[in-house]
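>>> Below: sequence and its predicted model.
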Amino acid sequence: MPLPKVPNEERLFSLVLALLSSEAGLTKSEILSTVQGYRQRFVHSGDNANLERQFERDKDDVRELGVPLETIESPEQAGNNHNLRYRIPRADYELPEDISFSAEESTLLGLAAMVWREGSLSEESRRAMVKLRSLGIATAEPVLSYAPQLRVRDQSFEPLRSALDKRVVVSFDYLKPGDQTSSQRTVAPLALVQHQGRWHLYAKDPATDLFKTFLLRRIVSPIRASKKTFEESTIDAATRALAELEAVWMSNVAVLNVEPGTDAATRLSKRRGARTSATAALELHFTDLNIFADELASFGPEVVVVSPPTLRTAVIERLTRTAADHG
Amino acid sequence: MVRKVQPLRAQDKLVYLLALVPYLMDHDRVSVAEAAAHFGVPEQQIRDAVRLIAVSGIPGETATYQDSDLFDIAWDDFEENDQIVLTHMVAIDDSPRFSAREASALIVGLQYLSGLPEHADRAAIASLMSKLSRGASAQPTAMAVEASELDETLSLMRESVAAGTQIEFDYRNSRGESERRHIDPLRVESVDTDWYVRGWCHSREDVRTFRVDRISQPAMTSDAITHTAGDVNLPETLFDTSPEDIEVTIEVVESAIALLGDYVAKDAQLVPTSDRVRTTVRVPHFHGLKRLIAGLPGVVTVVAPSEAREAVARWTRAGAHRYTELP
């Protein structure tokens, strides 16, 4: 008679409980033969390959939730996989005693979690809030009349975030602004930052040790993660990346003639840092010439670029191209 | 905002179990209803979790899950009064830490919110971020975003929403026409760096979405709003669709579909052609469409109807022409 199947969450929960309570750790065969959910399927002195694969997946699932499931090698028998022990060190599992959140903080975190409305960031925010509620803090319902949100639409974002966490070198094809063909890049990813509404990857070129910034929108291939890991960086890469992007944005200035009373006039003059010059031209900062050219092209006859000449040429090319595509 | 209730995966159920145990430990007695309200989940989900916790535990010294190795609850209180009383506990003492990804999701959400006046206390935000960082089981993923910007219009909108008063402003639509509008502002939303106000438009007698950067001369009125967010149905998508919308067939480079955002309906068919994908977008008129297509040069082409193609061609030709008439 087949035994009733133990639900997946019961097996995972039992695994965490067993490994939390064993200071010395358990070997794989101890886990498979005694822990609820595994023991029912364990074959004594038989083939447990399926169950072993199940255990491998479970370890990943549990670790993904931030549970520090450790592997310890027996010092006498280094290299012998059968004697690896698994455990969850209590101090690394439990939220430190001195960390507490006030009701206001908890409400603010609730708002921060709602900033993500889709994808895995939204799932992770939700899980973090479940853990926060575990502390028993009463949280005011977030005000729904005010809903700022961040979105990630770049396909390379998630694979890059995984690579960041694992600190592995990645390669991808990149269409550099202004180039017609892409080229392969191999870099150590250091941070993902959003500047002016666009996501960028800040990375180090392992060949030259130079820092580089890539626009996620211009990554045109899937992200290929290598097995090569790199040292944790000592710099605050995210802050540095934002500061560098801000410096680029500051140094690029476009002068535009904008037709009064148009959509372009209303919207462009509201941009951060917009200035009206003595000649009534509008001066705007920008980060990436090609992307700014795309934006300006959307305004059709409402905007004329005065300078820089590279931007002017880029906008003319775009307008001519789209006109030809629809001729 | 109504969030879709999705079936929980085993991993999510595990988070609830690991979060619920410490919460129950801190409460000598708690009703199922109270726990469900606290975690914001259906009561049945709490009952299922409690039932599972009550029969779970550790293999123990005998490796056979003896009674003293298991959690226990006061069953009569649970079965008859829907009250939860933990009577025996094992393995778990405290709430779990955040994962590196969970912590970074909340940290980035906080960075984004930190530009708003009510969160201007930098020290408080920084302390909260450091708590999240210390409360994570690994170094949070290196991510950062710019703080959202709040201009005068946005501040005024938020004030009106909070006060429940009508607001009036000049609004220039994508046709380029400007008109004075009176609205009951109901929700202020953002997507990355773009802000929107949604509300009941008294001029149109319907729910409308307004881009904040198309608003000028806003003024608060002393009239109370006549429609609340509860009265009207604010759709989840930012686009106001209507049955009279025109269906437009486009061909788009596959990697650029994401750039079209909500213009492409979630259920829209994607038909591969030789090097692109053919799909449809629905638009109220061609004024928004021509701007959208002109802003994505080389990657999207309108196929039909011919009026839409002509609208795009005329718009971009007029744009290119501006450069020939100038010195």
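Sure thing, it's come through. Numbering: from 1, shown residues only, chains lettered A, B, ... in the order given.

>>> where does the chain have low pLDDT?
Just so you know, I chose chain A. The model of chain A has pLDDT under 70 over residues A:1-4, A:75-81, A:141-144, A:177-180.

>>> my bad, the chain I had in mind was chain B
Checking chain B against pLDDT under 70 turns up B:1-7, B:174, B:235-241, B:326-327.

>>> Going along the chain, name the strands of it.
Along chain B, counting by DSSP state E, strands occupy B:30-31, B:72-73, B:83-84, B:86-88, B:143-145, B:165-172, B:178-191, B:194-201, B:206-211, B:215-224, B:246-252, B:271-272, B:277-283, B:300-304.

>>> Of the ones you listed, which stretch is the most buried?
With neighbours defined as mean count of other Cβ atoms under 10 Å in any protein chain shown, these peak in mean count at strand B:143-145, which reaches a mean of 24. C-beta coordinates here come from the backbone N, C-alpha and C atoms, glycine included.

>>> quick one, helices of the stretch 151-300 of chain A?
For the stretch 151-300 of chain A, applying DSSP state H, counting those that start in this stretch gives helices covering A:157-166, A:237-251, A:263-268, A:289-298.

>>> Could I get those helices in CSV, plus columns for distance to B:Ala124 and mean neighbour count?
Shown next, in CSV, are the helices of the stretch 151-300 of chain A (distance: least, Cβ to Cβ, whole Å; neighbours: other Cβ atoms under 10 Å in any protein chain shown):
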stretch, distance to B:Ala124, mean neighbour count
helix A:157-166, 27, 19
helix A:237-251, 19, 17
helix A:263-268, 34, 22
helix A:289-298, 35, 22
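
>>> nearest to A:Ser298, of the strands of chain B?
strand B:300-304 (11.6 Å; Cβ to Cβ).

>>> For A:Ala324, which of the strands of chain B is the nearest?
Proximity to A:Ala324 (Cβ to Cβ) singles out strand B:300-304 among the strands of chain B, at 10.3 Å.

>>> on contacts alone, who are the packing partners of that closest one?
In terms of contacts (3 or more Cβ pairs under 8 Å, 6 or more residues apart in numbering or on different chains; DSSP states H and E), strand B:300-304 is packed against strand B:246-252, helix B:286-294, helix B:306-325.

>>> Need the ones you listed in JSON lines (columns: distance to chain A).
Converted to JSON lines, those look like this (distance: least, Cβ to the nearest Cβ, whole Å):
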{"stretch": "strand B:246-252", "distance to chain A": "10"}
{"stretch": "helix B:286-294", "distance to chain A": "5"}
{"stretch": "helix B:306-325", "distance to chain A": "4"}
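
>>> domain parsing for chain A?
For chain A, automatic domain parsing gives the domain ranges A:8-93, A:96-151, A:163-235, A:252-325.

>>> start to end distance for the third one?
Criterion Cα to Cα, to the nearest Å; first-to-last residue distance in domain A:163-235 is 18 Å.

>>> do it and chain B meet?
Yes - judged by Cβ under 8 Å from any Cβ of the partner chain, domain A:163-235 comes into contact with chain B at A:164-165, A:190-197, A:217, A:220, A:232.

>>> Now the residue in the stretch 151-300 of chain B that chain A sits nearest to. Nearest residue, chain neighbours left out?
Nearest to chain A in the stretch 151-300 of chain B, going by Cβ to the nearest Cβ, is B:Gly295, at a distance of 3.0 Å. Nearest non-adjacent residue to B:Gly295, counting by Cβ to Cβ, 6 or more residues apart in numbering or on different chains: A:Ser298, 3.0 Å away.

>>> I figured the one you found hits B:Arg291, correct?
Yes - in this structure, A:Ser298 is within contact of B:Arg291 by Cβ atoms under 8 Å, at 4.7 Å.

>>> coming back round to it: can you redo the domains of chain A as JSON lines, where the extra columns are distance to B:Ala33?
Output for the domains of chain A, formatted as JSON lines (distance: least, Cβ to Cβ, whole Å):
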{"stretch": "domain A:8-93", "distance to B:Ala33": "23"}
{"stretch": "domain A:96-151", "distance to B:Ala33": "15"}
{"stretch": "domain A:163-235", "distance to B:Ala33": "39"}
{"stretch": "domain A:252-325", "distance to B:Ala33": "48"}
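
>>> Roughly how far does B:Ile73 sit from chain A?
Counting by Cβ to the nearest Cβ, to the nearest Å, the gap from B:Ile73 to chain A is 15 Å.

>>> so what's the closest residue to that residue other than its chain neighbours up against?
The shortest distance from B:Ile73 to any non-neighbouring residue, by Cβ to Cβ, 6+ apart, is to B:Ala54 (4.6 Å). Contacts of B:Ala54 were listed using Cβ atoms under 8 Å, 6 or more residues apart in numbering or on different chains, and they are B:70-73, B:75, B:78.

>>> B:Met129 too?
By Cβ under 8 Å, 6+ apart, the neighbours of B:Met129 are B:107, B:110-111.

>>> Of those, just say which sits nearest to chain A.
Nearest to chain A among the contacts of B:Met129 is B:Leu110, at 4.6 Å by Cβ to the nearest Cβ.

>>> Pretty sure the closest one sits against A:Met114.
No - judged on Cβ under 8 Å, B:Leu110 makes no contact with A:Met114 at a distance of 11.7 Å.
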